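Visitor: Fold the following, please.
(2 chains)
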Amino acid sequence: MPSVPQFALVDVNNFYVSCERVFNPKLEGIPLVVLSNNDGCAVARSNEVKSLGVKMGTPWFKMKHFARQHGIVTYSSNYSLYGDMSNRVVATLRTFTPDLEVYSIDESFLRIETVASLYGGAIPMGQQIRQRIRQWTGLPVCVGIAPTKTLAKFANHLAKKHSAFDGVCDLHALTHPERLAWMLRIEVGEIWGIGPKIAQRLHAMGIHTVLDLYRASSKTMRAQFSIVMERIGHELHGIPCLELEDVQPRKQILSSRSFGAPVESLEALREAVASYLATAAEKLRRQQSVAGAVHVLLMTNRFKEHEPQYNPSITIPLNEACDDTLRLTAAALKGLEAIYRSGFYYKKAGVILTLLSDKAQRPVSLFDDATTHKKSEKLMVTLDVINRTFGQGTIRSAACGIEQPWAMRAESRSPRYTTRWDELPAVQ
Amino acid sequence: MMLFIYTVMPMPSTCLIQPIPTLSQIPMDLAREPASLELRLLAHRISAGFPSPASDYVEEGLDLNTYLVRNKPATFLFTVKGDSMIGASIEEGDKVIVDRSLTPRHDDIVVAVVDGEYTLKRLYQHGNRIELHAENPTYLPITFRGGTELQIWGVVVGVVRRYSTRG
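Guide: Purely as a prediction, here's the structure:
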């Protein structure tokens, strides 16, 4: 039954910037930048800003003058809004197929080979995905379709950068010479999983374009780099062999595992999720970052076709980015409870820390050492009860500080349009 | 895509029913997946022996979320300012529920974008004429002449009001 796989990568264009525009029509066509945690640097740029030559991650204090000169509007990160909009995009994608993997806050992979014919083929399906997400959420997306995830990413890049594709690029629909011609035009560093350092080493070996890598011998790649690089080579030839864990987006931390035996109960999943979270949070602190949202996912075993399948996921945005295991755990468990359904055999669970940014000068967390999740869970419950009774923030972990002299700078955060009663958009 | 799950629960006593989402979870909950239908199916008690005829009529309680929100990912809330829709019983401070997935039709109340601002009006469409009508005689209709594009943000499907003087 399984035919050639067809992956569709759906990616929101300039995600944070596009979210801001949905709720503020005046921002349409205006150069717009969203700044990271603490207003440190540019983390999202509108096309207008990109064409002014502003690079991702530019420290913003250096840019104040330039921004004024060019009328660039800046916003602080609005994690609540981006997390909620991300969930809406995923829910909309699930109306096309439940066979979906959320890869990051603004990207999802869909398996479409069994359903594409319902929409008249892969490209018409891609166009309907674009149209529906645009209509339901107001967000613009591009779709890349190919037999492997690496190629789907590549196709998505083409769809985004070249207007001839009208937002949907299906590599199957191109002839072989056409595909090679596109590979010749794209720099090797654009390929999924090839970071700047590896790209440099590849350049030194004379591998500059995607086509060069496509033609490189897989044995050499394996000898010079790693098995992952060899797999990237296979994937470029249309042989699927990469799992999500193999290639992680730069700006997130994934911690997930397949269970030895299928798991059914919420209690067992809570323990798994809490312990994965502890691992991810430790890594987060090690790299001096803070997370703005926690993503939780569950998977049943897709190879057991006779068993009911359920692959839910959810993004829980935090009010303030943090690296506190307790707060992150609470968010993850809240997410787990929201998506858990009984009656399924779960094969895998995972958490993804996302919306990462550099931690600014903050006191060292008291809870940096891995506290056992049981303990933190209990503490969290008590804390919640007290905060619910006496007001948010009555008790918080000392890691957050009491006076919060460092309190996050978010000078120009837009309202939390979709998650707060008192911040809803107004209509006359 | 809705999953229907049937589980057989052998114990004769009433099963625990997970709480159905309530209005307090709007709008935080708007982005989540519809859950209540699945939970309702699970709530049926299946016992050995003859099924109770009453089990066909298990009461589920009333859920304002499902009454007001038909398509969660596409549904948003706005706070109403001003009195332009007073004739349609929409007042300052009301929350309107806006569904972006619906195609706007003549006579719908819509949220439109005019000069970069959101406006709440009734859509009037007759032949080539497209106008936005207030429901208040002191406001003139907004008309659109050839070449100008009317941008409709979403269709209003409900309104909620809470009397804040109590509770």
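
Visitor: Let me know the pLDDT of residue 144.
Guide: Using chain A. What the model reports for residue A:144 is a pLDDT of 98.

Visitor: you looked at the wrong chain, it should be chain B
Guide: pLDDT, residue B:144: 85.

Visitor: Now for the residue in the stretch 201-350 of chain A positioned nearest to chain B, how many residues are close by?
Guide: Nearest residue of the stretch 201-350 of chain A to chain B (CB to the nearest CB) works out as residue A:343 at 4.8 Å. Just so you know, the C-beta spots here come from the backbone N, C-alpha and C atoms, and that holds for glycine as well. When counting by other CB atoms under 10 Å in any protein chain shown, one arrives at 14 neighbours for residue A:343.

Visitor: Can you give me the neighbour number for residue A:197?
Guide: 9.

Visitor: likewise residue A:130?
Guide: By the measure other CB under 10 Å, the count of residues near residue A:130 is 20.

Visitor: Could you pull out the helices in chain A for me?
Guide: All helices of chain A, identified by DSSP state H, fall at A:15-23, A:47-51, A:64-70, A:79-93, A:122-137, A:149-161, A:176-185, A:196-204, A:210-215, A:218-224, A:227-236, A:266-286, A:325-339, A:373-390.

Visitor: One more: chain B?
Guide: Ranges of helices in chain B, per DSSP H, are B:36-43, B:64-68.

Visitor: Out of those, which gets the lowest mean score?
Guide: When the helices of chain B are ranked by mean pLDDT, helix B:36-43 comes last with a mean of 41.

Visitor: which parts of stretch B:150-162 are buried?
Guide: Using 16 or more other CB atoms under 10 Å in any protein chain shown as the burial criterion, the residues of stretch B:150-162 that qualify are B:150, B:152, B:153, B:154, B:155, B:156, B:157, B:158, B:159.

Visitor: An error on my part: the question was meant for stretch A:183-190.
Guide: A:183, A:186, A:188, A:189.

Visitor: which one of those sits closest to chain B?
Guide: Using CB to the nearest CB, these come closest to chain B at residue A:186, 33.0 Å.

Visitor: could you list every residue that touches the closest one?
Guide: By CB atoms under 8 Å, 6 or more residues apart in numbering or on different chains, the residues touching residue A:186 are A:154, A:157, A:158, A:209, A:210.

Visitor: now residue B:81
Guide: So residue B:81 contacts A:426, A:427, A:428, B:92 (CB under 8 Å, 6+ apart).

Visitor: among those, which are in strands?
Guide: Secondary structure from DSSP state E places A:426, A:427 of those in strands.

Visitor: okay if I get the contacts of residue B:81 as a markdown table plus neighbour count and distance to residue A:127?
Guide: Putting those into a markdown table (neighbours: other CB atoms under 10 Å in any protein chain shown; distance: CB to CB, whole Å) gives the following:
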| residue | neighbour count | distance to residue A:127 |
| --- | --- | --- |
| A:426 | 14 | 34 |
| A:427 | 24 | 31 |
| A:428 | 18 | 35 |
| B:92 | 13 | 41 |
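
Visitor: Reformat the contacts of residue B:81 as TSV; add distance to residue B:69 and pLDDT.
Guide: Supplementary listing: these in TSV, determined by distance: CB to CB, whole Å; pLDDT from 0 to 100:
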residue	distance to residue B:69	pLDDT
A:426	20	93
A:427	18	93
A:428	23	92
B:92	23	95
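
Visitor: Can you tell me which of the contacts of residue B:81 is closest to residue A:9?
Guide: Nearest to residue A:9 among these is residue A:427, at 35.1 Å by CB to CB.

Visitor: The closest one and residue B:111 touch, don't they?
Guide: Yes. Contact between residue A:427 and residue B:111 holds when scored by CB atoms under 8 Å: they sit 5.4 Å apart.

Visitor: got the residues of the stretch 251-400 of chain A near chain B?
Guide: A:308, A:310, A:312, A:314, A:338, A:339, A:341, A:342, A:343 (CB under 8 Å from any CB of the partner chain).

Visitor: 10 Å instead, please
Guide: Contact residues (CB under 10 Å from any CB of the partner chain) of the stretch 251-400 of chain A with chain B: A:308-310, A:312-317, A:335, A:337-344.

Visitor: Now, of those, which are buried?
Guide: A:310, A:312-317, A:335, A:338-341, A:344.

Visitor: min pLDDT across those residues, which one?
Guide: The pLDDT minimum for those sits at residue A:317, where the score is 87.

Visitor: Please name the bridge partners of that residue.
Guide: Taking DSSP bridges as the rule, residue A:317 bridges to residue A:293.

Visitor: So it sits against residue A:293, correct?
Guide: Yes. Taking CB atoms under 10 Å as the definition, residue A:317 is a contact partner of residue A:293 at 4.5 Å.

Visitor: Which neighbours do the two have in common?
Guide: Common neighbours of residue A:317 and residue A:293 (criterion: CB atoms under 10 Å, 6 or more residues apart in numbering or on different chains): A:79, A:80, A:82, A:83, A:84, A:86, A:87, A:105, A:331, A:354, A:355.
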